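Peer 1: have a look at this prediction, sequence included:
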Amino acid sequence: MSTLQSMALGAYDLLWKAATPLLRTHSRLHDGFGQRTLANDLPARADIWIQGASGGESYLTWEIIRKLKNPFASHPLHVLVTTNTKQGMEILERAAAETHKDKRGVTLQTRYFPFDAPKIMQAALRHARPKVAVILETEIWPGFLNACKRQGTKILLVNGRMNPRSLAGYLAAKRPLQALAPDRILAVSERDAERFGTLFGRERVQTMPNMKFDRMGTPATSSKADNPLREIIAPKTRFVVLGSVREQEESEVEHLVAELHRKAPGTVIGLFPRHMERIGNWQERLERQGIPWKLRSEQTGPAEPGTTLLWDAFGELVPAYALARAAFVGGSLAPLGGQNFLEPLTCGITPVTGPSLHNFAWVGEEIFESGLAVRAENREGVLQALLQLLDTPPAPRTVTKKVQAYIRSRKGGAETVCKHIAQFMNND
């Protein structure tokens, strides 16, 4: 390690030392603070250490664990799994319960990820001594990477994603980061691979199937008879859902509701704000447009044709999608990156979105090219797509069959990761 790199890590350690007393008061860091600081609480010995920042990454950790195989005949494969958040910890604990129940020769130790102070991380690695460290998506922690290098732990970054803004930030510290480069990086797309290659060197980077497809269950058309909303959305109702609408696109969606009301009279509109505190604002908007509306909580029988149901109840978006003829998924008519447009697809309903979908770039362009989903360039495009689907909706069973094939062809990410882990374990 160069003198410059040693000085940089020393300064980084001092920053953590100064910040740690303040972090104790942070509500999100209170849980597991002793594990985060290693205060009288050190990790046990582990063969593999897997780190995922929060809930989403912890689910991916779970997928890896399900595919791991124990290469030892004489003792279990010990895996340390860590996360930064309480939600992530709850998921990892469920993964541990499942793993230990199955008795597959794999044991899981669940912990909060230590603060990235180099001295804390060096202590953690000395105690855990993993042969392989697996980091998910974009977990570039200098203290952790440096400690792995010092301990001789192989570093595998998987399901790698990096957007242009993140790359620009990392390039400002390219030289010290290159000395801490993971031994192998598995990126989820060629574009992500190119960005990681720019930072760490292309020879370290390969591509892999996105593990998020492994988490997607087999879609199945919901039985309308079992749907909890069947009492308010009668059979054959022309029902359109505007789901997960964000505050920044409310003006656009307000006009979309007005146009649907005018051009598709008799249609029942289910309007789902992403955040419940926007209900009052939507009441004012619908009144201003002169659109008949009713709160979902006050709807007891079949909705009157032409009514907009303003959804003020939690947990009913997916059942509503299952009864819809057409659905718009929000977060996409403003530059927000989109909300989960896969949810209506799991119900056999073709989703319509606006142009902003960078949060779901991992799904792939083919889903739009195949017609499974519709991405419109603006509000008018969304309106026209919804009107067409209201008139001629694809059969849900047909949509479901195509979605099953699409997901099936993209699974296998967790198995790919486990093969690379095995290579590192065997070459130790």
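Peer 2: Yes, it's here. Numbers count the residues shown, from 1 in each chain.

Peer 1: need the strands for the stretch 51-200 of the chain, in chain order.
Peer 2: Using DSSP state E, counting those that start in this stretch, the strands assigned to the stretch 51-200 of the chain run over residues 77-83, 106-112, 132-136, 154-160, 184-187.

Peer 1: adding distance to residue 195 and mean pLDDT, write those out as JSON lines.
Peer 2: Quick note: C-beta positions are derived from backbone N, CA and C, even for glycine. Rendered in JSON lines, the data for these read as follows (distance: least, Cβ to Cβ, whole Å; pLDDT from 0 to 100):
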{"stretch": "strand 77-83", "distance to residue 195": "24", "mean pLDDT": "97"}
{"stretch": "strand 106-112", "distance to residue 195": "29", "mean pLDDT": "97"}
{"stretch": "strand 132-136", "distance to residue 195": "16", "mean pLDDT": "98"}
{"stretch": "strand 154-160", "distance to residue 195": "9", "mean pLDDT": "98"}
{"stretch": "strand 184-187", "distance to residue 195": "8", "mean pLDDT": "98"}
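
Peer 1: got TSV for those, with mean neighbour count and distance to residue 118 too?
Peer 2: Formatted as TSV, the entries for those read as follows, by neighbours: other Cβ atoms under 10 Å; distance: least, Cβ to Cβ, whole Å:
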stretch	mean neighbour count	distance to residue 118
strand 77-83	24	17
strand 106-112	21	18
strand 132-136	26	15
strand 154-160	25	15
strand 184-187	23	22
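
Peer 1: make TSV out of these and add distance to residue 44.
Peer 2: As requested, the strands of the stretch 51-200 of the chain are exported to TSV (distance: least, Cβ to Cβ, whole Å):
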stretch	distance to residue 44
strand 77-83	7
strand 106-112	6
strand 132-136	15
strand 154-160	20
strand 184-187	26
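
Peer 1: and these: which comes nearest residue 305?
Peer 2: For these, proximity to residue 305 was assessed by Cβ to Cβ; strand 154-160 is nearest, at 46.2 Å.

Peer 1: and residue 422, what element?
Peer 2: With the criterion set as DSSP states H and E, the secondary-structure element containing residue 422 is helix 413-426.

Peer 1: show me what that helix is packed against.
Peer 2: Counting contacts by 3 or more Cβ pairs under 8 Å, 6 or more residues apart in numbering; DSSP states H and E, the secondary-structure elements packed against helix 413-426 are helix 55-67, strand 132-136, strand 154-160, strand 184-187.

Peer 1: centre of the chain to that helix, how far?
Peer 2: Shown here is helix 413-426, whose average C-alpha point lies 22 Å from the average C-alpha point of the whole chain (Cα atoms, centre = their mean, to the nearest Å).

Peer 1: I'd like to know which of the helices and strands packed on helix 413-426 lies nearest to residue 332.
Peer 2: For residue 332, the closest of the helices and strands packed on helix 413-426 is helix 55-67, at 19.2 Å, according to Cβ to Cβ.

Peer 1: quick one: residue 117 and residue 11 touch, right?
Peer 2: No: counting by Cβ atoms under 8 Å, residue 11 is not a contact partner of residue 117; they are 11.5 Å apart.

Peer 1: show me where pLDDT drops low in the stretch 101-250 of the chain?
Peer 2: Segments of the stretch 101-250 of the chain classed as low confidence (criterion: pLDDT under 70) are 217-223.

Peer 1: so where's the stretch 301-428 of the chain uncertain?
Peer 2: Residue ranges of the stretch 301-428 of the chain with pLDDT under 70: 428.

Peer 1: let's see it at 90
Peer 2: Counting by pLDDT under 90, the low-confidence segments of the stretch 301-428 of the chain come to 314-315, 346, 358-359, 361-362, 364, 426-428.

Peer 1: in it, which spans are helices?
Peer 2: For the stretch 301-428 of the chain, applying DSSP state H, counting those that start in this stretch gives helices covering 317-323, 342-346, 366-369, 379-391, 396-408, 413-426.

Peer 1: do the stretch 1-150 of the chain as well
Peer 2: Listed in chain order, the helices found in the stretch 1-150 of the chain under DSSP H, counting those that start in this stretch are 3-23, 33-37, 55-67, 86-102, 118-128, 142-151.

Peer 1: now these in TSV, with mean neighbour count and distance to residue 284?
Peer 2: What follows is the helices of the stretch 1-150 of the chain, written out as TSV (neighbours: other Cβ under 10 Å; distance: least, Cβ to Cβ, whole Å):
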stretch	mean neighbour count	distance to residue 284
helix 3-23	13	41
helix 33-37	18	44
helix 55-67	22	34
helix 86-102	17	34
helix 118-128	20	51
helix 142-151	22	49
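
Peer 1: how about the ones you listed, which one is nearest residue 252?
Peer 2: In terms of Cβ to Cβ, the element of the helices of the stretch 1-150 of the chain nearest to residue 252 is helix 55-67, at 27.7 Å.

Peer 1: only alpha carbons, please: show the closest one as PDB.
Peer 2: What follows is helix 55-67 as a C-alpha-only set of coordinates in PDB (Å, rounded to 0.1, in the frame of the first residue of the first chain):
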ATOM      1  CA  GLY A  55     -34.100  -5.000   2.700                       C
ATOM      2  CA  GLY A  56     -33.900  -5.600  -1.000                       C
ATOM      3  CA  GLU A  57     -30.300  -6.800  -0.900                       C
ATOM      4  CA  SER A  58     -31.100  -9.000   2.100                       C
ATOM      5  CA  TYR A  59     -33.700 -10.800   0.000                       C
ATOM      6  CA  LEU A  60     -31.000 -11.400  -2.600                       C
ATOM      7  CA  THR A  61     -28.700 -12.700   0.200                       C
ATOM      8  CA  TRP A  62     -31.500 -15.200   1.000                       C
ATOM      9  CA  GLU A  63     -31.600 -16.300  -2.600                       C
ATOM     10  CA  ILE A  64     -27.800 -17.000  -2.500                       C
ATOM     11  CA  ILE A  65     -28.100 -18.900   0.700                       C
ATOM     12  CA  ARG A  66     -30.800 -21.100  -0.800                       C
ATOM     13  CA  LYS A  67     -28.500 -22.200  -3.600                       C
END
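
Peer 1: what's the mean pLDDT across that helix?
Peer 2: Helix 55-67 shows a mean pLDDT of 94.
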